[in-house]
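*Asks:* A structural model of the following input is requested.
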Amino acid sequence: IDEAADALNLSGGYAQAEDISRGWTEATQRQWMAAELSRSLQSENSRVGRITPAMEQSLNTFAMEREKYPIQQVDFVSSTNTSDDSVLKSKALDILHSNGTLLRASPEGSRWQRAKKPQLGWMIDQIDQVLKSHPDYGIRKLKLIDIGGGKGLLSNLLAEAFGNNHVEVQVVDISKSAVRNGMMRAKRRGLGNIEYNAQDATTLELSGVDVVVALHACGVLSDVALGHAVSQGAGFVVVPCCFLSN
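*Replies:* Numbering: from 1, shown residues only. Next comes the predicted model:
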């Protein structure tokens with residue numbers, strides 16, 4: 001349902017997609033909606049990749065650098081090997097592999113199975129190393145903030161996998177609908193160590209942050225996340241968005 005809401009760019013987000021999927025809207029209404037969505041997706045809202053003159057100029061500017069530093073695929077091997085690490089990773093994997101009762105259900109071959117789930121697993125491993133390198137880990141709760149965390153797929157996983165004794169998580173996203181969805185998920189999971197804020201990340205006034213994370217931080221959002229990490233003297237795991245992925 002989440003993937004459909006995102007792909008169709010539904011204004012009502014998850015809630016609207018759920019109404020449609022459960023047949024809670026009338027047939028005539030669904031037909032009109034399908035026609036409107038079709039027109040919208042073929043208009044300026046189309047997500048087919050387009051290269052603007054500014055993008056082309058940027059690509060040309062850094063052409064030599066791309067040749068000098070070609071992208072190389074690196075197979076990541078986890079460095080975690082203690083019993084505590086194994087328990088944490090096993091718990092995170094159980095949540096990720098859940099079939100509907102925890103995070104979500106999704107068929108094999110879906111975008112969730114192919115991309116999102118492996119990304120979340122990789123992020124958990126990286127954040128695990130950063131958190132456990134903090135001198136106060138296990139002594140007090142560490143404060144973790146997710147910049148542009150959206151509906152909380154990563155943050156809810158972090159809050160649940162690390163637990164109430166180790167972390168308190170704050171999610172900041174400018175999208176009110178995404179934040180509402182994340183809060184609903186956290187509530188269903190009974191997570192008491194996570195907080196959601198619908199706010200522009202550039203206007204945040206932070207204090208006491210130990211780790212800053214961001215996944216698919218589009219545009220300048222990755223710079224915003226790094227700026228907060230620097231200002232707080234915090235550790236960070238920041239992954240920018242895929243260039244021209246849409």
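
*Asks:* buried set for the helix or strand hosting Ser222?
*Replies:* Taking DSSP states H and E as the definition, Ser222 sits inside helix 221-232. For helix 221-232, the neighbour count (16 or more other Cβ atoms under 10 Å) marks Leu221, Ser222, Val224, Ala225, Leu226, Gly227, His228, Ala229, Gln232 as buried. C-beta: built from backbone N, CA, C; applies to glycine.

*Asks:* quick one: distance of the following helix or strand past it to the chain centre.
*Replies:* Where DSSP H and E defines the elements, the next helix or strand beyond helix 221-232 is strand 235-240. Centroid separation between strand 235-240 and its chain, computed with Cα atoms, centre = their mean, to the nearest Å, is 12 Å.

*Asks:* tell me the helices and strands packed up against strand 235-240.
*Replies:* Packing contacts for strand 235-240, counted by 3 or more Cβ pairs under 8 Å, 6 or more residues apart in numbering; DSSP states H and E, involve helix 117-132, strand 211-217, helix 221-232.

*Asks:* adding distance to Pro53 and mean pLDDT, write those out as CSV.
*Replies:* Shown next, in CSV, are the helices and strands packed on strand 235-240 (distance: least, Cβ to Cβ, whole Å; pLDDT from 0 to 100):
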stretch, distance to Pro53, mean pLDDT
helix 117-132, 31, 89
strand 211-217, 25, 93
helix 221-232, 23, 91
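
*Asks:* distance to Gly148 added to the ones you listed, as CSV?
*Replies:* Output for these, formatted as CSV (distance: least, Cβ to Cβ, whole Å):
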stretch, distance to Gly148
helix 117-132, 13
strand 211-217, 5
helix 221-232, 5
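
*Asks:* cool, thanks, signing off.
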